[in-house]
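> build me a structure from this.
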Amino acid sequence: MFSFTLMMVVFILGYTAIALEHPIKVDKAASALLLSVLIWAVFILDVSGILNLGFSSSWEEFKNSSLLATFTTRHPDASLIEQMRYFVVDNQIVEHLGEISEILFFLLGAMTIVETIDQHQGFKIITDKITTTNKVKLLWILSFLTFFMSALLDNLTTTIVMVALLRKLIDDKKSRWFFASMIVIAANAGGAWSPIGDVTTIMLWIGKQVTAGNIIAMVFVPSLFNMLFPLLVVSIYMKGHVEKPKLSAEDAREFTTLGERKLMLIMGIGALLFVPIFKTTTHLPPYMGMLFGLGVLWVTTEILHRNKSFEDKRKLAIVGVLKKVDVPTIFFFLGILSAVAALEVAGHLHLLSNYLDKNVHDIYGINAAIGLLSSIVDNVPLTAGAMGMYPIMTHALVAASAEPTYLHHFVQDGAFWELLAYAAGTGGSILIIGSAAGVAAMGLEKIDFIWYMKKISWLALIGYFGGILIYWLQDIVLFHM
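The predicted model follows:
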């Protein structure tokens, strides 16, 4: 039990180091990598003590799997502790690294495409049309643009695109931090109601807990108010105008033609929009669609700039663009997601899920808690835990049960799954580290964790609980009146 508790202590200490990045002057990527390795080291050094506690549902499933049977056939003299090490090192770490790698390559591809559009001055076409400098007007325009873009692309890709736009529209760092943070709220809200807008909704859609039409119909309004409540509050006290950045002579130089800018903008956004189409058509992971789009863009730029000067070609080619991609953000993602995976495998998240089910036993309370937890740990394992805890009920099973009213929420398109999509998707906005969109914005703009807590978290909380209230009212109006 000591090692099991120590894993949680290590996670808290590592998380604290990430939160205090600016005061301790240690980059969050370094803290995340150290956290990841240390937490897995504690796990493997006392693997039998931790797994024998019985909290790891993954180990219980693995014990009855063909993988373990194959291992014991090949190694008949393997002890139980060797079987456990095989489970952790050769099965779970590899499995989770594969899942994390999908996110990392997706992120790397998206960042490179967005940076390529930016290098070709493609965003200038959009920013030239946004003429207002009024802070409130600009915030509403960017928030609504983000909300609907996030539903079409996904919240991570949309955030990367919008942060790139912000750099062209706002000069002051703190103002840009505020706008980027509000974009995170809008991106997570926009992703929650679309079957392809967030990893959690994709999981629920693929797992058949929800259908595409129903998730849009039932979660759209709560998600919209999740964004609107913070916007309305900010509009009351926000005053003044933003100052557009003054371009240097090099940046002001138009080294691409209008045709090239339009081509790169259309192809870049087209490559991003192609990802969900690719996934739906081929059933391959989204990162493959992203890398395919990047490959097409790469070939296009090579052909487009083959006759340009060496200096311009070096600046516009993907090889040059890759040098500007924010690699520390990639390492940060790797560290934090790997650390959370260790807690999932060891059984910490499963223990937490069971505690909520036994002590709360209310779909609003359980989902509200899951959403709040998703601001601290990744929403993917939390959603996976909830999906594993509750099977999809049939109407026949519900009718035959002792709790038909409660269990009816767990049929396909039931209220529990709809509310889970909303809560897990938007709860991550409460802390900057709680969602992929927030982590991307934090990495790209170097947003301070403590600053976000002071300035944004309370607004995100208002939106989060406001959306749950709207869902509750919507449920009463549609089904109980």
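> which secondary structure elements does the helix or strand where residue 259 lies contact?
Residue 259 belongs to helix 258-282 when assigned by DSSP states H and E. Other helices and strands packing on helix 258-282, by 3 or more Cβ pairs under 8 Å, 6 or more residues apart in numbering; DSSP states H and E, are helix 93-119, helix 124-127, helix 155-169, helix 286-304. Where you see a C-beta, it was placed from the backbone N, CA and C, and this is true even at glycine.
> so which bits of the last one are buried?
For helix 286-304, burial by neighbour count (16 or more other Cβ atoms under 10 Å) applies to 286-294, 297-298, 300-301, 304.
> name the surrounding residues that touch it.
Helix 286-304 is contacted by residues 102-103, 105-106, 109-110, 112-113, 116, 154, 260, 263-264, 267-268, 270-272, 274-279, 282, 316-318 when judged by Cβ atoms under 8 Å, 6 or more residues apart in numbering.
> so how do I select the buried members of those in PyMOL?
For the buried members of the contacts of helix 286-304, the matching PyMOL selection, counting by 16+ other Cβ under 10 Å, is:
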select buried, resi 102+103+105+106+109+110+112+113+116+154+260+263+264+267+268+271+272+274+275+276+278+279+316+317+318
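> ok so, going back, nearest to residue 393, of the buried residues of helix 286-304?
residue 286 (29.4 Å; Cβ to Cβ).
> ok, back up a step: which of the buried residues of helix 286-304 sits closest to residue 394?
The closest of those to residue 394 turns out to be residue 286 (Cβ to Cβ; 30.7 Å).
> for that closest one, give its distance to residue 109.
As for residue 286, its distance to residue 109 is 10 Å (criterion: Cβ to Cβ, to the nearest Å).
> what do you get for residue 355?
Taking Cβ to Cβ, one finds residue 355 at 38 Å from residue 109.
> didn't residue 350 look like it was pressed against residue 56?
Yes. With contacts counted by Cβ atoms under 8 Å, residue 350 reaches residue 56, the gap being 6.9 Å.
> neighbour count: the two, which is higher?
Shown here are residue 350 and residue 56; by other Cβ atoms under 10 Å, residue 56 has more neighbours (25 against 22).
> okay, residue 75 and residue 82: tell me how far apart.
Remark: distance between residue 75 and residue 82 (Cβ to Cβ) = 7 Å.
> my bad, should have said residue 258
Distance check for residue 258 against residue 82: by Cβ to Cβ, it reads 65 Å.
> quick one: which of the two has more around it?
residue 82 (14 against 11).
> which SSE is that one in?
helix 80-85.
> in that helix, what counts as buried?
The neighbour-count check on helix 80-85 (16+ other Cβ under 10 Å) flags 83, 84 as buried.
> contact partners of that helix?
Counting by Cβ under 8 Å, 6+ apart, 44, 47, 48, 51, 59, 68, 71, 72, 75 sit against helix 80-85.
> got a list of what the third one touches?
When you say that, I think you mean residue 48. Counting by Cβ under 8 Å, 6+ apart, residue 48 makes contact with 80, 81, 84.
> return the per-residue confidence for the second one.
Per-residue confidence at residue 81 stands at 89 (pLDDT).
> I figured residue 93 hits residue 40, correct?
Yes. Residue 93 is within contact range of residue 40, at 7.1 Å (criterion: Cβ under 8 Å).
> which of the two has more residues huddled nearby?
Higher neighbour count among residue 93 and residue 40: residue 40, with 23 against 18, using other Cβ under 10 Å.
> how about the more buried one, nearest residue that isn't a chain neighbour?
Distance criterion Cβ to Cβ, 6 or more residues apart in numbering; nearest residue to residue 40, sequence neighbours excluded, is residue 342 at 5.1 Å.
> can you tell me which residues contact the one you found?
Contact partners of residue 342, counting by Cβ under 8 Å, 6+ apart, are 7, 36, 39, 40, 43.
> okay, the residues you listed in JSON lines with distance to residue 122 and pLDDT next?
Shown next, in JSON lines, are the contacts of residue 342 (distance: Cβ to Cβ, whole Å; pLDDT from 0 to 100):
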{"residue": "7", "distance to residue 122": "46", "pLDDT": "92"}
{"residue": "36", "distance to residue 122": "36", "pLDDT": "92"}
{"residue": "39", "distance to residue 122": "41", "pLDDT": "94"}
{"residue": "40", "distance to residue 122": "41", "pLDDT": "94"}
{"residue": "43", "distance to residue 122": "46", "pLDDT": "92"}
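> drop anything exposed from the residues you listed.
Of the contacts of residue 342, these count as buried by 16+ other Cβ under 10 Å: 7, 36, 39, 40, 43.
> from those, which land in strands?
Among those, no member falls in strands (criterion: DSSP state E).
> circling back: and the contacts of helix 80-85, which are buried?
47, 51, 59, 68, 71.
> tell me which element the third one falls in.
Taking DSSP H and E as the definition, one finds residue 59 inside helix 57-63.
> helices and strands around that helix, which ones?
Going by 3+ Cβ pairs under 8 Å, 6+ apart, helix 57-63 lies up against helix 327-346.
> any buried residues in the helix it packs on, and which?
329-346.
> reformat the buried residues of helix 286-304 as JSON lines; add pLDDT and distance to residue 146.
Formatted as JSON lines, the buried residues of helix 286-304 follow (pLDDT from 0 to 100; distance: Cβ to Cβ, whole Å):
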{"residue": "286", "pLDDT": "80", "distance to residue 146": "19"}
{"residue": "287", "pLDDT": "85", "distance to residue 146": "22"}
{"residue": "288", "pLDDT": "90", "distance to residue 146": "25"}
{"residue": "289", "pLDDT": "88", "distance to residue 146": "21"}
{"residue": "290", "pLDDT": "87", "distance to residue 146": "19"}
{"residue": "291", "pLDDT": "92", "distance to residue 146": "24"}
{"residue": "292", "pLDDT": "94", "distance to residue 146": "25"}
{"residue": "293", "pLDDT": "91", "distance to residue 146": "21"}
{"residue": "294", "pLDDT": "92", "distance to residue 146": "22"}
{"residue": "297", "pLDDT": "91", "distance to residue 146": "23"}
{"residue": "298", "pLDDT": "91", "distance to residue 146": "27"}
{"residue": "300", "pLDDT": "90", "distance to residue 146": "27"}
{"residue": "301", "pLDDT": "87", "distance to residue 146": "27"}
{"residue": "304", "pLDDT": "83", "distance to residue 146": "30"}
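> tell me the one of those residues nearest residue 174?
Ranked by distance to residue 174 (Cβ to Cβ), those are led by residue 290 at 32.0 Å.
> quick check: that closest one vs residue 240, distance?
38 Å.
> equivalent analysis for residue 210, please.
Relative to residue 240, and taking Cβ to Cβ, residue 210 is found at 42 Å.
> could you check which of those two is surrounded by more residues?
Using other Cβ under 10 Å, the more surrounded residue of residue 210 and residue 240 is residue 210, with 25 against 10.
> and that one, helix, strand or coil?
coil (DSSP: H, G, I helix; E, B strand; the rest coil).
> quick one, what contacts the residue in the chain sticking out farthest from the centre?
The outermost residue of the chain relative to its centre, with distances by Cα atoms, centre = their mean, is residue 77 at 43.3 Å. Neighbour list for residue 77: empty [criterion: Cβ under 8 Å, 6+ apart].
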